[in-house]
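Student: this is a predicted model, with the sequence first.
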Amino acid sequence: METILEATARETFGKNEANRTRRAGMVPAVLYGTSTGPNTEATPIAVSPRALSKILHSEAGANTLISLKLAGASDARVLIREYQLDPVTHELLHADFYRIAMDRVIRVTIPVTTKGEPKGVKQQSGVLEHIRRHIEIECLPGDIPEHVEIDVSELMLHQGVRVRDVATDPRWKPVSEADLMLVHVIMPKAEEVAAPAVEAGVAPAAPVEPEVIKKGKKEEVEEEK
């Protein structure tokens, strides 16, 4: 599914410029890539935090195909590369987008969901443990699935599902290592002993750093984040 996101141009990069953008009620962002070349050019932009949050909280989340409308430029098909949240307020602090070509295969990470209740849980008192909740796939931008679903209803104790067991689709193929375990049924673990309380006089933990949700490699614009 494709959605529209309005954007405005910013004058330049830099922490001061980013702070001014936030004070104006917008999220500072960077658009990577050009309409004709590889993703090397970086353009500073700003987007609405409400509109971006709505996209991130949709079923497709960060894999939502976006039509980015920037004044003075042609519409760009983009995906979210990464975004940064305030660790306390969870407000959006920064986002990166990258241009895509609809006829070129890309790699994305999608969630893994399960259906059914394993026999090893119902009949053998086991527990279904999720080892990995995402896998990486290759597909065209218009064919990105919201998730991949695996049926775990036939799993018995000590059985699991690996990447190679996932039913493929003509529109995409998994590229994560075939032997990676996704879920398995195990015996319940013994209850762990609670961690000791922090003693008086012990220094408090260091302040929490902003949370960065990464989508892939990129050229950093460190001075702005």
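Tutor: Everything's here; your move. For clarity, every value in this text was computed on a predicted model and none was experimentally measured.
Student: let me see the domain layout of this protein.
Tutor: 2-100, 106-186 (automatic domain parsing).
Student: any idea which of those domains scores lowest on pLDDT?
Tutor: For the domains of the chain, mean pLDDT drops lowest on domain 2-100, to a mean of 90.
Student: could you tell me the end-to-end distance of that one?
Tutor: This stretch, domain 2-100, spans 13 Å end to end (C-alpha to C-alpha, to the nearest Å).
Student: strands of this structure, start to end?
Tutor: 2-9, 27-32, 42-47, 65-70, 76-85, 92-99, 106-115, 127-130, 134-139, 148-151, 160-162, 172-174, 181-186, 211-214 (DSSP state E).
Student: how about those strands, which one is nearest residue 15?
Tutor: strand 27-32 (9.6 Å; C-beta to C-beta). C-beta: built from backbone N, CA, C; applies to glycine.
Student: hang on, the earlier thing: turn the domains of the chain into CSV, columns for mean neighbour count.
Tutor: Shown next, in CSV, are those (neighbours: other C-beta atoms under 10 Å):
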stretch, mean neighbour count
domain 2-100, 16
domain 106-186, 15
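Student: for the nearest residue to residue 179 once chain neighbours are set aside, name its beta-bridge partners.
Tutor: In space, and not counting its chain neighbours, residue 179 is closest to residue 162: 5.8 Å by C-beta to C-beta, 6 or more residues apart in numbering. When bridges are called by DSSP bridges, residue 162 pairs up with residue 181.
Student: got a list of what the nearest residue to residue 51 once chain neighbours are set aside touches?
Tutor: Distances taken as C-beta to C-beta, 6+ apart put residue 5 closest to residue 51, at 5.7 Å, once the chain neighbours are dropped. By C-beta atoms under 8 Å, 6 or more residues apart in numbering, the contact list for residue 5 reads 47-48, 51-52, 55, 66-69.
Student: which one of those is nearest to residue 124?
Tutor: residue 55 (42.2 Å).
Student: residues touching that closest one, list them.
Tutor: Counted by C-beta under 8 Å, 6+ apart, residue 55 has contacts 3, 5, 61, 64, 66, 80.
Student: repeat that with 10 Å
Tutor: 3-5, 47, 61-64, 66, 80, 83, 95 (C-beta atoms under 10 Å, 6 or more residues apart in numbering).
Student: from residue 94, how far out is residue 84?
Tutor: 4 Å (C-beta to C-beta, to the nearest Å).
Student: residue 28 and residue 45: what is the separation?
Tutor: Going from residue 28 to residue 45 by C-beta to C-beta gives 8 Å.
Student: quick check: neighbours shared by these two?
Tutor: 10, 21, 95.
Student: please name the nearest non-neighbouring residue to residue 158.
Tutor: Distance criterion C-beta to C-beta, 6+ apart; nearest residue to residue 158, sequence neighbours excluded, is residue 185 at 6.7 Å.
Student: next up, the contacts around the one you found.
Tutor: 118-121, 124, 126-129, 152, 155-161.
Student: then residue 92?
Tutor: Taking C-beta under 10 Å, 6+ apart, one finds 22, 26-29, 47-50, 52-53, 56, 83-86 in contact with residue 92.
Student: ok, so of the residues you listed, who is nearest residue 172?
Tutor: Taking C-beta to C-beta as the measure, residue 172 lies nearest residue 56 of these, at 21.8 Å.
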